[in-house]
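Next comes the sequence, and after it the predicted model I'd like to discuss.
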Amino acid sequence: MSDAGSASVTQARVEVMTYGPHGLARLDGKVIFLRHVAPGDEVELAIEEDHGSYAYASLVRLLRPSAERREPPCPYLPRCGGCPWQHLAYPAQLAAKQRNLADHLERIAKLDAPALRPPLPAPAEFGYRHRLSLRVENGRVGFFAAASHELVEVERCLLGSEAVNALLAPARRLVRALRMRVKRLELAAEGASARAALALEAEGGWVEADGQVIAGWLAENPNVAGVVARGRGWRRVWGDPTVRLEVAPGQFVRVHAGVFTQVHPTANRILVGSVLACLQLRPGARVADAYCGAGNFTLPLAAQGARVVAIEQDATACADLRANLECAGLAARVIEKPAHVALRRLVEEHARIDALLLDPPRGGARETIPYILELLPARIVYVSCHSAALARDLAALRSRYQVESVQLLDMFPQTYHAEAVANLVLTC
């Protein structure tokens with residue numbers, strides 16, 4: 001709710017949730033975006049920013065709540081910006097994510113009738129994150145408030161696992177004891193066990209006296225296997241700051257805290273299975289795994305007998321990947337370069353690639369597309385956490401590829417984010 005101040009107050013009905021924290025309403029043809037609403041809500045709102053054809057508004061009063069609304073269980077809402085959809089009943093969240101994915105595929109990728117499969121719900125709504133990234137400000141630990149850089153300090157997070165939440169208070173004590181200015185803190189836990197690791201990101205240089213503080217803190221917290229601290233131009237490690245995660249039945253990767261992993265381990269195993277099913281690999285197939293990280297897909301692919309070219313630019317992730325392959329008795333060619341540079345190298349080598357797996361960050365894989373269109377693998381499986389970027393890249397690939405299917409998998413309940421797997425085949 002908001003104090004409307006001098007802004008004029010008017011009434012509207014919320015139609016849908018957009019890809020973001022806002023619901024969408026209309027006033028005389030103008031699109032209105034506002035937070036903390038659900039589809040079907042009848043509200044009083046006040047225009048805050050008018051941009052002509054659209055405007056941003058604040059919620060003044062909820063006149064008639066939608067059946068899709070619920071009371072969010074988190075005590076830090078609505079101030080905390082980490083869970084902008086927690087006030088939506090979970091079926092409404094899933095339906096909104098599917099609708100936004102369909103909209104992006106139709107509007108951006110120009111797919112008139114995308115082969116969109118029914119969405120796969122998250123295995124758990126709460127307590128699913130094995131990894132939490134938090135902001136730090138003057139020894140206070142939490143998340144940014146919605147649409148601001150104001151820190152909301154938290155004692156626990158409903159999305160985090162019990163092991164992650166148990167680490168939050170000791171981690172807060174550590175950052176308050178350090179002389180260096182910590183700006184970000186990542187907590188990572190190993191499955192259901194108590195083993196955990198900690199990553200600190202600092203502003204400024206390394207402070208030598210902090211080494212003894214961290215070593216002493218580790219001795220007092222034996223469940224924490226290790227700590228990694230880093231800043232611009234420096235990195236320090238204490239203990240073994242890694243966690244072990246099961247990515248497929250009986251297959252594990254060990255990953256340093258601070259290296260990207262999917263935050264929902266159970267949903268990630270469903271994702272890996274979906275990707276393998278899409279690829280339809282035969283033993284000996286040549287697969288390029290771009291943006292591969294520490295081996296989330298590389299190890300299951302190699303275990304199926306694929307000849308994998310694993311592409312990753314992060315040096316720590318590559319070191320983890322090589323160690324994971326060796327531990328599993330598997331082999332892959334690892335190229336420690338940005339994805340577009342590695343694919344260009346494969347083009348220059350006249351490499352034959354039967355299938356390409358793309359799992360880029362939120363910005364998508366635009367820079368790789370010219371080289372993909374030279375390599376022309378028979379199949380592409382594109383895993384995306386940003387459906388607009390996915391749709392943009394699919395539009396660029398449509399000159400040579402047909403989209404067979406797109407599957408939404410919800411790995412991020414209480415947010416507007418979801419994972420999507422697009423399956424593409426080369427056309428004649």
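Yep, that arrived.

which one's the longest strand in this structure?
strand 54-64 (DSSP state E).

Tell me how confident the model is about that strand, as a mean pLDDT.
The pLDDT scores in strand 54-64 average 95.

Show me what that strand is in contact with.
By Cβ atoms under 8 Å, 6 or more residues apart in numbering, the residues outside strand 54-64 that reach it are 1-2, 4, 7, 9, 11, 22, 25, 30-37, 41-49. From N, CA and C alone the C-beta is placed, and that goes for glycine too.

need the contact list for the most centrally placed residue in the chain.
In the chain, the C-alpha closest to the average C-alpha coordinate belongs to Cys385, at a distance of 5.9 Å (Cα atoms, centre = their mean). The contact partners of Cys385, taken as Cβ under 8 Å, 6+ apart, are Pro361, Arg362, Met411, Phe412, His417, Ala418, Glu419, Ala420.

which one is the first one nearest to, not counting chain neighbours?
With Cβ to Cβ, 6 or more residues apart in numbering as the measure, Tyr291 is the residue that lies nearest to Pro361, at 7.1 Å, once sequence neighbours are left out.

ok, the one you found touching Arg362?
No. Contact criterion Cβ atoms under 8 Å: Tyr291 and Arg362 do not qualify, at 11.4 Å.

These two: which is more packed in?
Neighbours of Tyr291 and Arg362, each counted by other Cβ atoms under 10 Å, are more numerous for Tyr291; the result is 24 against 10.

any idea where the helices of this protein begin and end?
Assigned by DSSP state H, the chain shows helices spanning 90-107, 162-177, 210-220, 265-279, 298-303, 315-328, 339-348, 369-375, 387-397.

and Val381, which of these is closest to it?
helix 265-279 (4.7 Å; Cβ to Cβ).

which residues touch that closest one?
Under the criterion Cβ under 8 Å, 6+ apart, residues 120, 122-124, 128, 130, 191, 245-249, 261-262, 285, 287, 296-297, 300-301, 304, 355, 357, 379, 381, 383, 405, 407, 409-411, 419, 421, 423 lie in contact with helix 265-279.

Just the buried ones from these?
Listed as buried from those are 120, 122, 128, 130, 191, 245-248, 261-262, 285, 287, 296-297, 300-301, 304, 355, 357, 379, 381, 383, 407, 409-411, 419, 421, 423; burial here means 16 or more other Cβ atoms under 10 Å.

Strands - which of those residues land there?
The strands, defined by DSSP E, take in 245-248, 287, 355, 357, 379, 381, 383, 407, 409, 419, 421, 423 from those.

buried sites along stretch 323-335?
Going by neighbour count (16+ other Cβ under 10 Å), the buried part of stretch 323-335 is Ala323, Asn324, Leu325, Ala328, Leu330, Ala332, Val334, Ile335.

Who are the contact partners of the third one?
The contact partners of Leu325, taken as Cβ under 8 Å, 6+ apart, are Gly295, Thr298, Leu299, Ala302, Ala331, Ala332, Val334.

Apply 6 Å and report the result again.
By Cβ atoms under 6 Å, 6 or more residues apart in numbering, Leu325 lies in contact with Ala332.

for the second one, same thing?
With contacts defined as Cβ under 6 Å, 6+ apart, the neighbours of Asn324 are Val253, Gly295.

Model confidence for it, exactly?
Looking at Asn324, its pLDDT is 98.

Ala38 and Gly250: what is the separation?
Going from Ala38 to Gly250 by Cβ to Cβ, to the nearest Å gives 42 Å.

higher neighbour count, the two?
Ranked by neighbour count (other Cβ under 10 Å), Ala38 and Gly250 place Ala38 first, with 24 against 8.

Hmm, Glu71 and the more buried one touching each other?
No. Counting by Cβ atoms under 6 Å, Ala38 stays clear of Glu71, with 11.6 Å between them.
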